[in-house]
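# What shape does this take:
(2 chains)
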Amino acid sequence: MKVAERVRETPPSGIREFFELAEAADDVISLGVGEPDFSAPWAAREAAIDALERGRTSYTANRGRADLRRGITDHVARYDLDYDPEKEVLVTTGASEAVDLAMRALVDPGDTVAVPQPSYISYGPTAGFAGAEVLPVPTRAEDGFKLTERALREAGAADADALIYCYPNNPTGAVMDHADLRPVAAFAREHDLTVFADEIYAALTYGSEHDSIATLPGMAERTVVIGGFSKAYAMTGLRLGYALAPPEAVEAMTRIHQYTMLSAPTTAQFAGLEALRSCEGAVSEMHAAYDRRRRYTLSRFREMGLDCFEAEGAFYAFPECPGDDEAFAEALLAEEGVAVVPGSAFGEGGAGHLRVSYATGMDDLREATARIERFLD
Amino acid sequence: MDAQRDLLALLLDDARQSTEDLARQTGLSADEVEAAIDDLEAAGVVHGYQAVVDWANADEERVEAHVELNVELDRETKYEDIARRIANHPEVETLRLVSGDYDFSAVVVGDSMRDVSAFVADRIAPIPEVTQTVTHFVMDTYKHRGVDFGGGDEDDRLSVSP
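Predicted coordinates:
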């Protein structure tokens, strides 16, 4: 059967290749996991069970249940984001669908989407599926992997149509505050870029509160804020996300959504609403556990002599590794049974680094870091 | 204060962690961790370090009962006096003054139901201030001190994911 050209032209993900290697190995401790090791808070799971018991198995409104949309706008008010639940919110099947919808609804074939790298692996391919060209914008370790106006300019992003980024960042753990975002916002305004701000890790910052670019002057009208329940509420498998954007953008995204997904999973919407209502305590506990593991992991890497900037968000450390990162990760897996993801899987700028997830229990983290230390000796 | 709360959370989760590991997680130095733990012990915040045991999986017979106790006070006798008298028995593992339909809640352990019954009948019930005892034998434990005895800890996540 003929496969569409735009799919044929999309290379398989570097993560997928490494996943297959890790699956084939025995006795592996994995620090390659991009999702929480906690289960969703019990109250959220109870709400999902209750929804099923009551037979709430129908479609919802295309944009998502009204109470959930209100819950989401109330929730993001903590980041000074102000959206109308009736017109400016779309509930999606995970944040990934929101990214896909934003690309397809707001980017034309032939447009250029600037993608800071290293970055979450889906942005480039999703832009490609929308018929857009990808413009990599390398970010650098010496900048703490923050996106800078200089990097945008040097990469030629002045001619781009859109910019997509993720801060707190997967895979580096870098965060950007208002001071960091201001020049990026000025650049976007000056060159008329639409901004897709993936803020899925917003709740997982370990210094200051998360800052959103959409709160800066003149930015709400050109930004789609993407969020979701996967990371903070440990609800990855429930597939629940959302997009916050001006009414015309939400309307356009909803037009695609209504023909493809129709609505996000109903069970997950009930779980999500309960998560917003009553699970802040559970989120705080998970956050505290990640923070302790973050300190532990950074401290262990530095003891081993691996250079590692202080990541202040998400649940990843991004240390430099000696030599080629893919060869290093493969040898580490083969010799010590520890899976980490080579930084080059996340694009230019990731080479020479490893993505190490500390979303794993302390016992495994202790053993895995001991094995890495032995491997380095 | 935050460091103290952090340390308590870590010790409650796993009291066997080394000082170095506690230091790495809290961002304190090893010496600071030692000093903070010394302070917690001296202040009577931390009284000891014990394992969470699921006796159903051990080769030991052990019977546990929750005993509700009602007492009658007089001018010379306080709750504290009665509590001390009861708590001194090694069979009493836990003793708390509670609000509600009864005064004290005791956890009593023994090798058999007969042992526990005899202990309550012969040692607790005859205390003059004790007016009533109600004994509930523990039949199974599903969760204890925050630890779920039903397992469910298996990690079925993909080993590498985006």
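# mind listing what residue 82 touches?
Since no chain was named, I'll use chain A. Residues counted as contacts of residue A:82 (Cβ atoms under 8 Å, 6 or more residues apart in numbering or on different chains) are A:73, A:220. C-beta coordinates here come from the backbone N, C-alpha and C atoms, glycine included.
# Can you look at chain B instead?
Residue B:82 neighbours (Cβ under 8 Å, 6+ apart): B:71, B:73, B:104, B:127, B:129-130.
# Just give me the neighbour total for the residue lying closest to residue A:216 once chain neighbours are set aside.
Residue nearest to residue A:216 in three dimensions, not counting chain neighbours: residue A:185, with 4.4 Å by Cβ to Cβ, 6 or more residues apart in numbering or on different chains. Neighbour count for residue A:185, taken as other Cβ atoms under 10 Å in any protein chain shown: 22.
# which ones are touching residue A:185?
A:195, A:213, A:216-219.
# Could I get the full set of strands for the stretch 151-300 of chain A?
A:162-166, A:194-198, A:223-228, A:241-244 (DSSP state E, counting those that start in this stretch).
# Need those in CSV (columns: mean neighbour count and distance to chain B).
As requested, the strands of the stretch 151-300 of chain A are exported to CSV (neighbours: other Cβ atoms under 10 Å in any protein chain shown; distance: least, Cβ to the nearest Cβ, whole Å):
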stretch, mean neighbour count, distance to chain B
strand A:162-166, 26, 11
strand A:194-198, 25, 12
strand A:223-228, 27, 14
strand A:241-244, 28, 14
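# Between those strands, which one is closest to residue A:265.
Nearest to residue A:265, of all the strands of the stretch 151-300 of chain A, is strand A:241-244, at 11.0 Å by Cβ to Cβ.
# elements contacting that closest one?
Contacts defined by 3 or more Cβ pairs under 8 Å, 6 or more residues apart in numbering or on different chains; DSSP states H and E place strand A:241-244 against helix A:66-76, strand A:89-92, helix A:94-106, strand A:223-228, helix A:247-260.
# what mean pLDDT would you report for the fourth one?
Spelled out, it's strand A:223-228. Across strand A:223-228, the average pLDDT comes to 98.
# State the pLDDT value of the closest residue in space to residue A:340 that isn't next to it in sequence.
Distances taken as Cβ to Cβ, 6+ apart place residue A:354 nearest to residue A:340, at 4.6 Å, with adjacent residues excluded. With respect to pLDDT, residue A:354 has a value of 98.
# Ok, residue B:1 next?
53.
# and what of residue B:152?
Residue-level pLDDT assigned to residue B:152 equals 66.
# Look up which residues are beta-bridged to the residue positioned nearest the centre of chain B.
Geometric centre of chain B, nearest residue: residue B:94, 6.3 Å, by Cα atoms, centre = their mean. In this entry, residue B:94 is beta-bridged to residue B:107, by DSSP bridges.
# Settle this for me: it is touching residue B:106, isn't it.
Yes: between residue B:94 and residue B:106 there is a contact under Cβ atoms under 8 Å: 6.8 Å.
# burial count for residue B:77?
If we define neighbours as other Cβ under 10 Å, then residue B:77 has 14 of them.
# in the sheet, who's paired with it?
Counting by DSSP bridges, the residues bridging with residue B:77 are residue B:74.
# mind showing which ranges of chain A have poor pLDDT?
The model of chain A has no residue with pLDDT under 70.
# and what of chain B?
In chain B, residues with pLDDT under 70: B:1, B:152-153.
# so what's the closest residue in space to residue A:238 that isn't next to it in sequence up against?
Leaving aside its chain neighbours, residue A:238 sits nearest to residue A:268 (4.0 Å; criterion: Cβ to Cβ, 6+ apart). Counting by Cβ under 8 Å, 6+ apart, residue A:268 touches A:48, A:229, A:235, A:238-240.
# Between these, identify the one with the most neighbours.
Neighbour-wise, the contacts of residue A:268 (other Cβ under 10 Å) top out at residue A:240, 30 neighbours.
# thought the residue nearest to residue A:340 was touching residue A:344?
No: under the criterion of Cβ under 8 Å, residue A:354 makes no contact with residue A:344, lying 9.9 Å away.
# Okay, helices next: where are they in the stretch 101-250 of chain A?
Along the stretch 101-250 of chain A, the segments classed as helices by DSSP state H, counting those that start in this stretch run A:123-129, A:149-155, A:178-190, A:247-260.
# just those helices: most buried one?
Among the helices of the stretch 101-250 of chain A, helix A:123-129 has the highest mean neighbour count (mean count of other Cβ atoms under 10 Å in any protein chain shown), at a mean of 21.
# Quick one: residues in contact with that one.
Outside helix A:123-129, the residues within contact range by Cβ under 8 Å, 6+ apart are A:6-7, A:9-10, A:13, A:99-100, A:103-104, A:107, A:113, A:115, A:133-134, A:136, A:164, A:166, A:347.
# how about 6 Å then?
A:10, A:99-100, A:103, A:113, A:115, A:134, A:164 (Cβ atoms under 6 Å, 6 or more residues apart in numbering or on different chains).
# so which of those comes closest to chain B?
residue A:99 (11.9 Å; Cβ to the nearest Cβ).
# contacting residues for the closest one?
residue A:126.
# measure it to residue B:87 for me?
Look at residue A:99 and residue B:87: by Cβ to Cβ, to the nearest Å, they are 61 Å apart.
# now do residue B:100
Taking Cβ to Cβ, one finds residue B:100 at 20 Å from residue B:87.
# ok, those two, which is more surrounded?
Neighbours around residue B:100 and residue B:87, counted as other Cβ under 10 Å, are more numerous at residue B:87. The numbers are 14 against 7.
# and chain B, which of its residues are near chain A?
Residues of chain B found near chain A (Cβ under 6 Å from any Cβ of the partner chain) are B:24-25, B:27, B:157, B:159-162.
# go with 8 Å
Contact residues (Cβ under 8 Å from any Cβ of the partner chain) of chain B with chain A: B:6, B:9-10, B:13-14, B:17, B:21, B:23-27, B:155, B:157-162.
# Can you tell me which of those are buried?
B:6, B:10, B:17, B:21, B:23-27, B:157, B:159-162 (16 or more other Cβ atoms under 10 Å in any protein chain shown).
# For those, work out which two are farthest apart.
The span of these, defined through Cβ to Cβ, is set by B:23 and B:162 at 32.9 Å.
# what's the residue nearest to the centre of chain B in contact with, if anything?
Contacts of residue B:94 (Cβ under 8 Å, 6+ apart): B:105-107.
# Got a ChimeraX select line for the buried ones in these?
To isolate the buried subset of the contacts of residue B:94 in ChimeraX, counting by 16+ other Cβ under 10 Å, use the following:
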select /B:106
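# which of the contacts of residue B:94 lies closest to residue A:370?
The closest of the contacts of residue B:94 to residue A:370 turns out to be residue B:107 (Cβ to Cβ; 38.8 Å).
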